[in-house]
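1. quick one: sequence and predicted model below, then my questions.
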Amino acid sequence: MIPKLFAMLTTLALATGSWWTAAAEPKLQVGVLHLGSVTDGGYNQAHAEGIEVMKKNLPDVEVIQVENVPEGADAERVMENMIKRGAQMIVAASFGYLEPAMRVAQKYPNVKFFHPGGYKRTPNMTTYWASTPEAFYLMGVAAGKTTKTNKIGYVVALPISFFLANINAFELGARSVNPKVETRVVFTGTFLDPGKEATAANALLEQGCDVLGVIVDSPITVVQVAEKRGAYSVGFHYIGVSKFAPKGWVTGVAFTWGNLYTRFARDVMDGKFKSEDILGGLADDFLTLAPLGAAVPKDAATLVEAKRQEFIARKAHPFQGPLNDNRGVERVKTGETFPLTDLRKMDWLVEGVVGQPR
């Protein structure tokens, strides 16, 4: 009886198409691992929202996503588990995942890996990032036009060269429209510690800073401290930071990874993957400035856009000499520039920045 019933149901299903529809196999499975929370309003959320854009653009892609993955052996285990579940593409979305990702990539040569900010790679790994000093210069222009005290505070994770370059570009942008501006820097020693970030932010406000900037994984703490105390703020990483500081928002440097991730996944599916180092800039679709806030003077928007177009056309440079460091040593001579390709060598802070990298 049961076999006859099953045969009847099968015939009915084939005739009407109404019994069941087998789940379509995804054309590509993508594994994504994050160091922190995907709702951090910063680094991790920018990557996670980029993945959501990719999923919307490519409905046939299935994503395996894990957050709060420590760097090291844990990251390796997560990547291997993703591959065992069928992932053919891995996005190791933290700088500290580079070595673990390289080890796993060498073990699984048919899987394609993508790493943000990596400085080395394997034949099945691409690295990607965007050069940010030009964007920080523009952000400095907006902040320089907004400050009332001419003192801007920056809460920064570590005194590494790329962060120093961003601070320098910010100060130079601010001084281009307001020669009296100084930028005061506090290093927290870590990428995420809300307690230290709040302490640093309050200390800078006590010193008279009325604009606060931040280079850590999540800008939420710093911009909220500024907002609660009636100060202005600039963001980093995520384009939606303004919701945490609606009154004092100036602008922010933002990564919009969605279209880039879409291109990565499409290349893997089409067999067009190639291992390369990608470094974007203002002309690309994965680096932008967040919209200017209501607190920013109207003429700032015109100045920012004009300079942005000059940067894109290569008619301007964020590090144009003469430049001295904040110890009085000449670093860039008149008529010369500090190459954006040499930012690893920028171990100094420009004149006008209060603080020392060591």
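-> In hand now; what should we look at? Numbering: from 1, shown residues only.
2. tell me the helix or strand right after the one helix or strand in the chain whose mean pLDDT sits lowest.
-> When the helices and strands of the chain are scored by mean pLDDT, DSSP states H and E, helix 2-16 comes last with a mean of 40. Following helix 2-16 in sequence order, the next helix or strand is strand 28-33 (DSSP states H and E).
3. pLDDT on that following strand, on average?
-> In this model, strand 28-33 carries a mean pLDDT of 98.
4. what's in contact with it?
-> With contact meaning C-beta atoms under 8 Å, 6 or more residues apart in numbering, strand 28-33 is reached by 47-48, 51, 54, 58, 60-67, 69, 75, 78-79, 82-83, 85-94, 97, 265, 268-269. C-beta: built from backbone N, CA, C; applies to glycine.
5. what of stretch 261-269?
-> 27-28, 30, 50-51, 53-54, 57-58, 61, 88-89, 91, 112, 114, 126, 272-274.
6. taking these one by one, which sit in helices?
-> Of the contacts of stretch 261-269, the ones assigned to helices by DSSP state H are 50-51, 53-54, 57.
7. now those: which count as buried?
-> Buried by 16 or more other C-beta atoms under 10 Å: 50-51, 53-54, out of these.
8. report the central residue of the chain.
-> Per C-alpha atoms, centre = their mean, the C-alpha nearest to the average position across the chain is that of His237, at 4.0 Å.
9. that one touches Trp257, doesn't it?
-> No. His237 is beyond contact range of Trp257, at 10.5 Å (criterion: C-beta atoms under 8 Å).
10. which neighbours do the two have in common?
-> Residues touching both His237 and Trp257 by C-beta under 8 Å, 6+ apart: Ala46.
11. shouldn't Gln106 be in contact with Arg121?
-> No. Distance between Gln106 and Arg121: 11.0 Å, which falls outside the contact criterion (C-beta under 8 Å).
12. so which of these two has more stuff around it?
-> Between Gln106 and Arg121, counting by other C-beta atoms under 10 Å, Arg121 is the more crowded of the two (19 against 13).
13. list the contacts of the more buried one.
-> 102, 115, 127, 275, 277.
14. show me which of these is closest to Ser37.
-> Closest approach between the contacts of Arg121 and Ser37, by C-beta to C-beta: His115, at 20.1 Å.
15. how about the helix or strand that contains Thr262: buried residues?
-> Taking DSSP H and E as the definition, Thr262 sits inside helix 258-269. Residues of helix 258-269 classed as buried by neighbour count (16+ other C-beta under 10 Å): 258, 260-266, 268-269.
16. ditto for stretch 135-154
-> Neighbour count says stretch 135-154 has 135-147, 150-154 buried, by 16+ other C-beta under 10 Å.
17. quick one: which of those residues sit in helices?
-> Using DSSP H, the buried residues of stretch 135-154 in helices are 135-146.
18. so of the contacts of Arg121, which ones are in strands?
-> Cross-referencing these against strands under DSSP state E gives 115, 127, 277.
19. hmm, back to that, among the contacts of stretch 261-269, name the buried ones.
-> Neighbour counting with 16+ other C-beta under 10 Å marks 28, 30, 50-51, 53-54, 58, 61, 88-89, 91, 112, 114, 126, 273 as buried within those.
20. which one's the longest helix in the protein?
-> In the chain, taking DSSP H as the definition, the longest helix is helix 161-177.
21. tell me what the helix or strand following it is packed against?
-> Going down the chain from helix 161-177, the next helix or strand is strand 182-187, by DSSP H and E. Helices and strands touching strand 182-187, by 3 or more C-beta pairs under 8 Å, 6 or more residues apart in numbering; DSSP states H and E, are strand 151-156, helix 161-177, helix 194-206, strand 353-354.
22. residues contacting the shortest one, please?
-> In this case it means strand 353-354. Looking at strand 353-354 with C-beta under 8 Å, 6+ apart, the contacting residues turn out to be 167-168, 171, 182-185, 326.
23. mind doing that once more with 6 Å?
-> 171, 182-184, 326 (C-beta atoms under 6 Å, 6 or more residues apart in numbering).
24. tell me the mean pLDDT for it?
-> 98.
25. shaky segments in the stretch 1-150 of the chain?
-> Scanning the stretch 1-150 of the chain for pLDDT under 70 picks out 1-24.
26. nearest to Gly352, of the buried ones among the ones in helices among the contacts of stretch 261-269?
-> Distances from Gly352 to these, taken by C-beta to C-beta, are shortest for Gly50, at 34.2 Å.
27. spit out the contact partners of the closest one.
-> So Gly50 contacts 257-258, 261 (C-beta under 6 Å, 6+ apart).
28. could the contacts of Arg121 go into CSV alongside neighbour count and distance to Val216?
-> Formatted as CSV, the contacts of Arg121 follow (neighbours: other C-beta atoms under 10 Å; distance: C-beta to C-beta, whole Å):
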residue, neighbour count, distance to Val216
Met102, 19, 26
His115, 26, 20
Thr127, 20, 22
Ser275, 14, 30
Asp277, 13, 25
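29. nearest to Leu35 among these?
-> The closest of the contacts of Arg121 to Leu35 turns out to be His115 (C-beta to C-beta; 12.5 Å).
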